[in-house]
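**Q** Everything below, folded, please.
(chains A and B, ligands or ions: 4)
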Amino acid sequence: MARNLTFSIFRYNPQDPTSTPHTDTFVLDETNHMTLFIALNRIREEQDPGLQFDFCCRAGICGACAMVVNGRPGLACHTKTKDLPDNITLMPLPFFTLVGDLSVDTGTWFRNMAQRVRSWVHTDKEFDPRALEERMDNALAEEIYELERCIECGCCVAACGTAIMRPDFLGAAGLNRLARFVLDPRDKRTEQDYFEIVGNDQGIFGCMGLLACEDVCPKHLPLQDQLGMLRWKMGWAGIMNLLPWKRT
Amino acid sequence: MQTFQTDLLCIGAGLAGERVAIEAATAGFDVTCLSLVPARRSHSSAAQGGMQAALGNCAMGEGDSPDVHFEDTVKGSDWGCDQEVARLFCDNAPIAMRQLAAWGVPWNRVVPGKSTYFKGGKLFEKEELQEKEGLITARAFGGTAKWRTCYTSDGTGHTVLYTMDNRAVQLGVVVHDKVEALSLIHDGENCLGAVVRCLKTGELRTYLARVTLIATGGFGRIYRESTNAVINDGGGLIIALDTGLVPLGNMEAVQFHPTGIVPTDILVTEGCRGDGGTLLDKNEHRFMPDYEPDKAELASRDVVSRWMTHHMRQGLGVSSPYGDHLWLDIRHLGCQHLATKLREVDEICKNFLGIDPAVDLIPVRPTQHYSMGGVRTDKDGLAYGLKGLFAAGEAACWDMHGFNRLGGNSLAETVVAGMIIGAKVVTYLQNHHVSFPTGLVRDTTAAQQDRIKRLISGKSGRENVFAVRNAMYDALMHGAGIFRNGKDLEACVQTLQEVHARSEKIGLRSNGRGANPELALALRLPGMVRLALCVAQGALQRTESRGSHAREDHPERNDRDWLVRTLATWQPGASLPSLTFEPASTVWSIPPGERGYGGGKIIPATPTA
Ligand SMILES: Cc1cc2nc3c(=O)[nH]c(=O)nc-3n(C[C@H](O)[C@H](O)[C@H](O)COP(=O)(O)OP(=O)(O)OC[C@H]3O[C@@H](n4cnc5c(N)ncnc54)[C@H](O)[C@@H]3O)c2cc1C
Ligand code: SF4
Ligand code: SF4
Ligand code: FES
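**A** Ligands and ions are numbered 1, 2, ... in the order given. Just a heads-up that it's a prediction; the model follows:
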């Protein structure tokens, strides 16, 4: 039986002085294989061409389309309407600056995060175009890839209690990013170097460990393990810090 | 209004744009990249399969070399490529891959010992050498003589783009995201920057630059069914074409990928077939060996897509509410393989189709995928027609792809071209100086301001932007799809001209304030229709079949008359592009010959002394 779906969508255009935050309702007949990508585009084309939302790859790999669907952050492009009730409420991700309606600015936050965790391989080796590549164990390469699968959708940060209270919190995405470099033998940073980045309340000691982040991560990243690993390592690094003879 | 000044303005922050940016930043120049979306969401991140470079590390890649890669690339292009560029590309690809490894890409590596693999549904065994342990490994892709495609599981584009962007952050490359370039600023001789609309506030900005690079990726979104991201609408090509001076090369060369899933047109990687997946028809018969006994599913994309379409036209497709399709079978690869090497595919099937590829067949059909055409450049990446304008990546027609791009050659192109062209940009920046006439900048900006005002006021007309866009889709899909013929192309060109006129008469239904999406599309659409006309008009003129351009009324490849590249420019106020032609290559290391697959007659070039 084809359903009629009712969408309640948050509306606000901060650039328009006449606009105030409110909810608009749209009704749509459900079709086979309908996703929120299909639904939102139909609403825009058939009912309200000014409706703002972000999609890019529409295939669950770019992270552009995160929003709060019936109270839960997730990727709109791979949310199928058949898994939702007749009434669907869509809100923009909290925490990030609102661009308009369902669209938020994740780019600024994530680039800032990359700068803060100094998200690159730190080495003083010069690249030699004539030399063979440095060898790496395939299993290790796959482990690194596992952590690198984050698509910067922002769901984990939006779901995180600490992040809501502390806007300078690195979030699970930031901590996971650092964990990726801790794992990578090409990165020559020491534990002390990492400690300086995350050994504080903006970093690993701010995390309350309630794991809303892992629950909502659409890429199913093992965030819990990474947070645990970092907390453990950074705990030790912190103790080492307090012992004067261990300092270098 | 905000004005920014920089040495190098990269319009586009995908792999190509960022790789060029990194080269200039390393040399100490100021660089600003523009992007419609945060850099890491650029479409480069969606590439799953991998990138080609003749490293020859893995067992099935033994004996590989840039020479073999070169031969595959030239054959793949159906002799439409610039052989000097293809050579540059193949020679430098191994260096680029190793550099990426040094920068942090977690490439899959050689694991020594025996293992099994599938080819055409059959099981084979191979043994990886101990001495190669830990070096970058490779997988098979269509149209290649050796396993040459370097990969990180099936997230190659993602890991490479993230590594590239990390490097850009490290070097202080500035990225302005959520902005859209609307027009180049030029004085008829020099390119001086761009007028840009902020997609957060709706405001216009100007960027003044000594060098401007177009790296805006493909323009697949002029087609309704495309594997491309929804942002791939040819913005960079449009602003180049609108100068009336810069030609676009080979716009009729549009690649259709064999395995877009039905109904959402999301791509499942060629790696599926490379790893041993097969194509089945409605009787679950594996039909590709009937047409291509040797290469079967691993013939090049243009060939496979055409046979699939042909096979469906014989009534052997599976019918569905979304039209006919075929099946892709990867069930025999096993859960372990699907869960590691083809994990994204596994997830796509589960998330978007609700099926499990370990037990179910995947519905697929050929879908628009890659734009071989683009801003025509010389081998240094310098665009024809304007000084100080470069182009790289899918937006460019540098031209190592000719009439058909081999899988794995475009992701590799972005970084190899980025490396080579980046060095040329640096030399250019060291030697050229320009001045920025304020009047010119003001006029260029005012022209865009005026377009926006007219659209919001409704003074241009009352056409509905989506209706006009749909009319463009219908015309192109019907006339300039996989198989083409003179009659349908003529109708297509004519319809598109009408659509073009309508696209100039769009009136908004919303208020157009702020980051209004209807306004964004309305600003872009006339240019998109012009691109569509370049495709259709080029395809109509080219009375032969070459690579992905297949004319039913001219099935032969005609080297006598068509061993040329189409150049399209658009004169201000015109209703059609002006076409000229140049030789496909100035160097013929490999003289035109048979591709070894795909069949078809060849009319040979008249031998010249
Ligand atoms: C689904 C899919 C899978 C693929 N898999 C492979 C593969 O396995 N191997 C392979 O070799 N190739 C693959 N390709 C092709 C390859 O991914 C692309 O050709 C390549 O990534 C293009 O890179 P680019 O840097 O040129 O452009 P993109 O990565 O597309 O970047 C374009 C940039 O330009 C910006 N931009 C666009 N217009 C404007 C404007 N008007 N103003 C400002 N900024 C603008 C965008 O925001 C973006 O930052 C695949 C393509 C698709 C569609
Ligand atoms: S576990 Fe830590 S990072 Fe995750 S949601 Fe809780 S506080 Fe945030
Ligand atoms: S860790 Fe997961 S939820 Fe967080 S940004 Fe990355 S992909 Fe999204
Ligand atoms: S649109 Fe890319 S993840 Fe949803």
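**Q** Sketch out the low-pLDDT regions of chain A for me.
**A** A:1, A:240-248 (pLDDT under 70).
**Q** what about the longest helix in it?
**A** For chain A, the helix that runs over the most residues, judged by DSSP state H, is helix A:223-242.
**Q** Is chain B within reach of that one?
**A** No: applying CB under 8 Å from any CB of the partner chain, one finds helix A:223-242 separated from chain B by no less than 15.7 Å. In short, each C-beta sits where N, CA and C put it, glycine included.
**Q** Can you spell out which helices and strands pack onto that helix?
**A** Where contact means 3 or more CB pairs under 8 Å, 6 or more residues apart in numbering or on different chains; DSSP states H and E, helix A:223-242 is packed against helix A:171-183, helix A:191-198, helix A:212-216.
**Q** Packed most tightly, which of those helices would that be?
**A** Ranked by mean neighbour count under mean count of other CB atoms under 10 Å in any protein chain shown, the helices and strands packed on helix A:223-242 are led by helix A:171-183, which reaches a mean of 24.
**Q** sorry, back to before: between the longest helix of chain A and helix A:191-198, how big is the angle?
**A** On the basis of axes from the mean of the first three to the mean of the last three CA atoms, to 10 degrees, helix A:223-242 is oriented at 110 degrees to helix A:191-198.
**Q** export helix A:223-242 as CSV, just CAs?
**A** Taking Å, rounded to 0.1, in the frame of the first residue of the first chain, the C-alpha atoms of helix A:223-242 are listed here in CSV:
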residue,chain,number,x,y,z
LEU,A,223,35.2,5.0,18.0
GLN,A,224,34.8,3.3,21.4
ASP,A,225,38.1,1.4,21.0
GLN,A,226,39.9,4.5,19.8
LEU,A,227,38.7,6.6,22.6
GLY,A,228,39.7,3.9,25.1
MET,A,229,43.1,3.5,23.5
LEU,A,230,43.8,7.2,23.6
ARG,A,231,42.5,7.6,27.1
TRP,A,232,44.8,4.8,28.3
LYS,A,233,47.8,6.1,26.4
MET,A,234,47.3,9.7,27.3
GLY,A,235,46.7,8.7,30.9
TRP,A,236,50.2,7.2,30.9
ALA,A,237,51.7,10.1,29.0
GLY,A,238,50.1,12.4,31.6
ILE,A,239,51.6,10.5,34.5
MET,A,240,55.0,10.5,32.8
ASN,A,241,54.6,14.3,32.5
LEU,A,242,54.3,14.6,36.2
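**Q** neighbouring contacts of that helix?
**A** The contact list for helix A:223-242 (CB atoms under 8 Å, 6 or more residues apart in numbering or on different chains) reads A:147, A:156, A:172, A:175-176, A:178-179, A:182, A:191-192, A:194-195, A:198-199, A:203-205, A:207, A:209, A:211, A:213-214, A:217, A:246-247.
**Q** List the buried residues of that helix.
**A** By neighbour count on 16 or more other CB atoms under 10 Å in any protein chain shown, the buried set for helix A:223-242 is A:223, A:226-227, A:229-231, A:233-234, A:237, A:241.
**Q** roughly how far out does it sit from the chain middle?
**A** Centroid separation for helix A:223-242 versus its chain: 22 Å, with CA atoms, centre = their mean, to the nearest Å.
**Q** Can you get me a residue count around the residue of the stretch 251-400 of chain B found nearest ligand 1?
**A** The nearest approach of the stretch 251-400 of chain B to ligand 1 comes at B:Gly393, 2.3 Å away (CB to the nearest ligand atom). B:Gly393: 34 surrounding residues under other CB atoms under 10 Å in any protein chain shown.
**Q** excluding its backbone neighbours, what's nearest it?
**A** Computed as CB to CB, 6 or more residues apart in numbering or on different chains, the closest residue to B:Gly393 that is not its neighbour in sequence is B:Ala16, at 2.5 Å.
**Q** With B:Gly56 instead?
**A** Nearest to B:Gly56 is B:Asp64, by CB to CB, 6+ apart, at 3.9 Å.
**Q** ok, the one you found touching B:Ala140?
**A** No: B:Asp64 lies out of contact with B:Ala140 (CB atoms under 8 Å); the separation is 11.8 Å.
**Q** Need the overlap of contacts for these two.
**A** Both B:Asp64 and B:Ala140 are in contact with B:Trp147, where contact means CB under 8 Å, 6+ apart.
**Q** any idea how far the helix or strand B:Leu476 falls within is from the chain center?
**A** According to DSSP states H and E, B:Leu476 maps onto helix B:465-479. Distance of helix B:465-479 from the chain centroid (CA atoms, centre = their mean) equals 21 Å.
**Q** what packs against it?
**A** helix B:486-503, helix B:517-541.
**Q** rerun that using 10 Å as the cut-off
**A** With contacts defined as 3 or more CB pairs under 10 Å, 6 or more residues apart in numbering or on different chains; DSSP states H and E, helix B:465-479 has these neighbours: helix A:36-46, helix B:486-503, helix B:517-541.
**Q** Quick check: B:Leu382 touching B:Ile420?
**A** No: contact between B:Leu382 and B:Ile420 fails when scored by CB atoms under 10 Å: they sit 11.7 Å apart.
**Q** and those two? which has more neighbours close in?
**A** Ranked by neighbour count (other CB under 10 Å), B:Leu382 and B:Ile420 place B:Ile420 first, with 23 against 19.
**Q** any low-confidence regions in the stretch 51-200 of chain B?
**A** Low-confidence segments of the stretch 51-200 of chain B (pLDDT under 70): B:120-121.
**Q** how about the strands in it?
**A** Ranges of strands within the stretch 51-200 of chain B are B:51-52, B:113-119, B:122-128, B:149-150, B:174-177, B:179-186, B:191-198, based on DSSP state E, counting those that start in this stretch.
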